[in-house]
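Student: This is a predicted model, with the sequence first.
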Amino acid sequence: MTEDPANENCQSLLPLQVRSVDYVRNGRTLLSALDFRLELGRITVLLGPNGAGKSLLLRLMMGLIAPDAGRIEWNGQSPTKCRDQLGMVLQKPVMLRRSVLANVAFALARTELPPNLHRQHAESALERAGLAHLARQPANRLSGGEAKRLSIVRAWAQKPRVLLLDEPCANLDPHSAAQVEKLIAEIHAGGTRIVFSTHDLGQARRLADEVLFLADGRLCEHKDAGEFFNGAVNPKAAAFLRGELVI
């Protein structure tokens with residue numbers, strides 16, 4: 001996948017600054033005092049046990065929900081003001097009741113790409129995702145791995161500068177997960193900043209440049225991936241790396 005000049009370095013969006021962010025629902029603090037900064041050119045993995053707050057954090061970064069305290073800024077802008085430069089794939093994305101090709105072409109309708117180029121660009125995106133041979137099949141007949149790749153390439157085709165992925169390989173067999181990981185790496189190599197959540201240590205080791213480890217709604221560690229995997233200091237992070245149950 002060649003580098004896309006439109007996404008070069010993502011400089012109009014980064015750094016991302018999260019400052020003292022809390023998120024509270026029904027009297028329960030689900031995210032507490034989050035503080036971190038993300039820079040250019042890395043794959044960031046949000047790692048942690050189920051219920052740690054990873055999905056909530058991605059939704060906050062996308063501007064789908066708002067924090068109850070603190071600020072989230074993409075290079076000084078709120079997420080809602082730069083959402084057209086952000087892409088997100090939910091853990092259970094919705095497939096339109098259309099063909100695989102039409103799913104991507106429909107997503108392109110919200111971009112500035114001329115309508116006469118939608119089909120060409122959609123076909124090119126499917127080719128890069130290894131889905132061109134399925135272009136005319138109904139999207140709801142795809143396997144889990146194929147549907148996940150379609151959801152990712154559908155978001156990527158809109159040329160986001162940053163792509164947020166929530167558990168992109170959840171419930172996939174190893175072969176399908178490897179295909180998704182390959183697609184993520186290729187999108188990153190093409191110039192799109194990637195942030196994704198997972199609780200899969202192997203996947204994080206393979207793809208992460210840096211790790212944000214969350215537990216119980218708090219950011220426990222933010223380190224380069226090698227440093228994190230070779231010596232997590234936080235007790236919950238160290239327990240998680242040992243395969244122990246973290247509550």
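Tutor: Ah, there it is.
Student: Just confirm Leu57 is within a helix.
Tutor: Yes. Assigned with DSSP: H, G, I helix; E, B strand; the rest coil, Leu57 falls within a helix.
Student: where are the low-confidence patches of this protein?
Tutor: Residues of the chain meeting the criterion pLDDT under 70: 1-11.
Student: how about a cut-off of 90?
Tutor: Counting by pLDDT under 90, the ranges of the chain that qualify are 1-13, 41, 83-84, 92-97, 109-117, 128, 199, 231-232, 244-247.
Student: Which stretches in it count as strands?
Tutor: When assigned using DSSP state E, the strands of the chain occupy the ranges 16-25, 28-38, 43-47, 69-74, 86-89, 162-166, 193-198, 210-215, 218-224.
Student: List the neighbouring strands of the longest one plus their orientation.
Tutor: As defined by DSSP bridges, the strand partners of strand 28-38 come to strand 16-25 (antiparallel).
Student: now, of the strands of the chain, which is deepest in the fold?
Tutor: The highest mean neighbour count among those, using mean count of other Cβ atoms under 10 Å, belongs to strand 43-47: a mean of 26. All C-beta atoms are positioned from the backbone trio N, CA, C, and that covers glycine.
Student: Which one, of the strands of the chain, ends up nearest to Leu245?
Tutor: Of all those, strand 210-215 sits nearest to Leu245, with 11.3 Å by Cβ to Cβ.
Student: Let's see stretch 215-226 as PDB, backbone CA atoms only.
Tutor: Extracted C-alpha coordinates of stretch 215-226, given in PDB (Å, rounded to 0.1, in the frame of the first residue of the first chain):
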ATOM      1  CA  ALA A 215      -7.400  -1.000  34.300                       C
ATOM      2  CA  ASP A 216     -10.500  -0.100  36.200                       C
ATOM      3  CA  GLY A 217     -10.900   3.100  34.200                       C
ATOM      4  CA  ARG A 218      -7.400   4.400  34.900                       C
ATOM      5  CA  LEU A 219      -4.300   4.800  32.800                       C
ATOM      6  CA  CYS A 220      -1.700   2.600  34.600                       C
ATOM      7  CA  GLU A 221       1.200   2.800  32.100                       C
ATOM      8  CA  HIS A 222       2.000   4.700  28.900                       C
ATOM      9  CA  LYS A 223       5.300   3.400  27.400                       C
ATOM     10  CA  ASP A 224       7.100   2.400  24.200                       C
ATOM     11  CA  ALA A 225       6.000  -1.200  23.400                       C
ATOM     12  CA  GLY A 226       9.400  -2.800  24.000                       C
END
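Student: and for that stretch, what are the contacting residues?
Tutor: Residues outside stretch 215-226 that contact it (Cβ atoms under 8 Å, 6 or more residues apart in numbering) are 23, 29-36, 45, 48-49, 51-53, 204-205, 208-214, 228, 232-234, 236-237, 240, 246-247.
Student: Having no further points to raise, I will conclude here.
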